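> Build me a model from this:
(one chain, ligands or ions: 1)
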Amino acid sequence: MSLFNIEMRFVRKPKDEPYWIVEFPSEVEVKLLASRSVSLRNCIELWAHAPNVQKLHEELKLYPKSLMQPYVQADKSFKIEVDTFCKHFSQKEKVDKLEAFSYLPVDGPVDLKTPDVTFQYIEYYGIIPHCPPEQPYEVFFGRWVASGLRQLIKKLSLKTRKFIGNTSMDPQLSLLMANQAKVTDGSLVVDPFVGSGSLLVAATQFGGYVWGTDIDYLMLHGRTRPSRIHQKTRDRDESVRANMKQYNMEHRYMDVLVNDFATPFWREDFRFDAVITDPPYGIREATERVGTKKEGYEVKAEHLPTHIPAKIEYGISNIYKDLLRFSARHLRVGGRLVCWFPVFREDYTENVLPHHPCLELVSNSEQTLSKVTSRRLLTFEKTREPTEDELDEYPVDIMDFREKYFVIREESRKERRMKEAKIREDDRLRNLNKQS
Ligand SMILES: C[S@@+](CC[C@H](N)C(=O)[O-])C[C@H]1O[C@@H](n2cnc3c(N)ncnc32)[C@H](O)[C@@H]1O
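Here you go, the predicted structure:
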């Protein structure tokens, strides 16, 4: 909504139900919002809404004819869709529900394929599957206005994507991230931990021109081990560019480069509209940077052409410090950084999040990963250019997720081993008792 500068008012405060009743200035705004909404299914102009079917019909009969008129004329074909949320009905039962609307003053012909007007009738049976109530909690009737982008999630499915890696981000989350970053036509976007480029694929869908960098040479050249179970070797042409080509977005692809994020690479005065990224947490992939522990190490000139640099531990804390510093420098004012940040749920407070004086945290939501861990989707907006001091090291205490993760995993494995040993010992004693 802030991207299109539109306003929406909640008619009723949303709770758990999958419907929102809202008010927009006009249909134009509804269509704009739907044009970017990944989680939204349909927007309907609400003609009647009631706690039961009988009341709905009573209310619909009172809907002003003048408002219905443009959509029920003889030259307008129509159809009525029946949607029953959380309860299955046979086609015959659905047709019976339809027949109940025969009093509607619709004069046009029925067209089930390409109607001019679609009406929707919705019965809502709650969100708990398998035990719906006898009667619906709420019923709605209205005119379909717009659908969201759910078909895009399918189009970008990882199952049919040319090039994927072990940590490719799923399309729905990638699209949500591009929205959070307010990517729009002509935005310059970078993912400094690009991997297979899933976040860039999503950004191009909204008009972004995209760059990516990654330390993994083999990844960017599509030469890592295949991630699909049944694929033995990678195709020769697997790459981030091939993904762009697959979705006809090659014209939005700037390039990807092999680069260690710890080594500044971009021209200092270069500005992006958005940084969208999922840095490594050190669990499924290493957190490494180029470096060596050897003192005064120098590569001889004759070895330089074939030299493969050694790597040392980067550390989550340093990765996020660098990421925020990078964004503070390279975003335009008003530009956004959208990234994931792993946390232990028991330790989580806003204080554990990375921060920077020039970046305002505008959104923060949780995706649960396990009983003890989750990751936060963070969106920062750059509020001003940093001073030279603010681009230097600044003190942020970021917990090392990786270290604690492995300690906890080791502890729970130890606990499990002890439990199993105790069960075995109890069994042995029981058997001994039986024998004696
Ligand atoms: C979680 S993955 C990103 C996956 C990506 N979003 C995708 O959809 O494929 C993190 C990536 O960071 C890269 N990486 C790790 N350390 C790095 C470093 N020091 N500099 C740049 N990239 C690094 C890894 O090679 C990996 O591809």
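
> and the residue in the chain that the ligand sits nearest to, how many residues sit next to it?
Among all residues of the chain, G195 sits closest to the ligand, at 2.7 Å; criterion: Cβ to the nearest ligand atom. To be clear about C-beta, it is placed using only N, CA and C from the backbone, and glycine gets the same treatment. By other Cβ atoms under 10 Å, 27 other residues sit near G195.

> Going forward, the N-terminal residue is numbered 54.
Done: numbering now begins at 54, and the last item shifts to G248.

> So the residue nearest to it when sequence neighbours are not counted, which state does it fall into?
The shortest distance from G248 to any non-neighbouring residue, by Cβ to Cβ, 6 or more residues apart in numbering, is to G218 (5.1 Å). The three-state label given to G218 by DSSP: H, G, I helix; E, B strand; the rest coil is coil.

> if we can go back for a sec, in a helix, the residue of the chain closest to the ligand, correct?
No - counting by three-state DSSP, one finds G248 to be coil, located in no helix.

> in terms of contact, does it touch S227 like I think?
No - the criterion here is Cβ atoms under 8 Å, and G248 misses it with S227 at 11.4 Å.

> where does the stretch 104-253 of the chain dip in pLDDT?
Within the stretch 104-253 of the chain, no stretch falls below the threshold (pLDDT under 70).

> which residues does the residue of the chain closest to the ligand contact?
When contacts are counted by Cβ atoms under 8 Å, 6 or more residues apart in numbering, G248 touches 218, 220-221, 267, 269, 272, 331.

> Recalculate using a threshold of 7 Å.
218, 220-221, 267, 272 (Cβ atoms under 7 Å, 6 or more residues apart in numbering).

> For those residues, name the two members farthest from one another.
Greatest spacing in those, by Cβ to Cβ: S221 and D267 (12.6 Å).

> The two - which one has more neighbours?
Neighbour comparison, S221 and D267: the larger count goes to D267, with 24 against 20 (by other Cβ under 10 Å).

> Need the nearest residue in space to that one, chain neighbours excluded.
For D267, the spatially nearest residue (Cβ to Cβ, 6+ apart) is V247, at 4.8 Å.

> same thing with Y270?
Nearest residue to Y270, sequence neighbours excluded (Cβ to Cβ, 6+ apart): V311, at 5.0 Å.

> So for the one you found, what's the pLDDT?
With respect to pLDDT, V311 has a value of 95.

> what about the residue nearest to G248, how many residues close to it?
23.

> repeat for N105
14.

> Just give me how far stretch 363-373 sits from the chain centre.
Chain-centre distance of stretch 363-373: 25 Å, with Cα atoms, centre = their mean, to the nearest Å.

> same thing with stretch 464-478?
With Cα atoms, centre = their mean as the basis, stretch 464-478 stands 38 Å off its chain's centre.

> One more: stretch 184-191?
31 Å.
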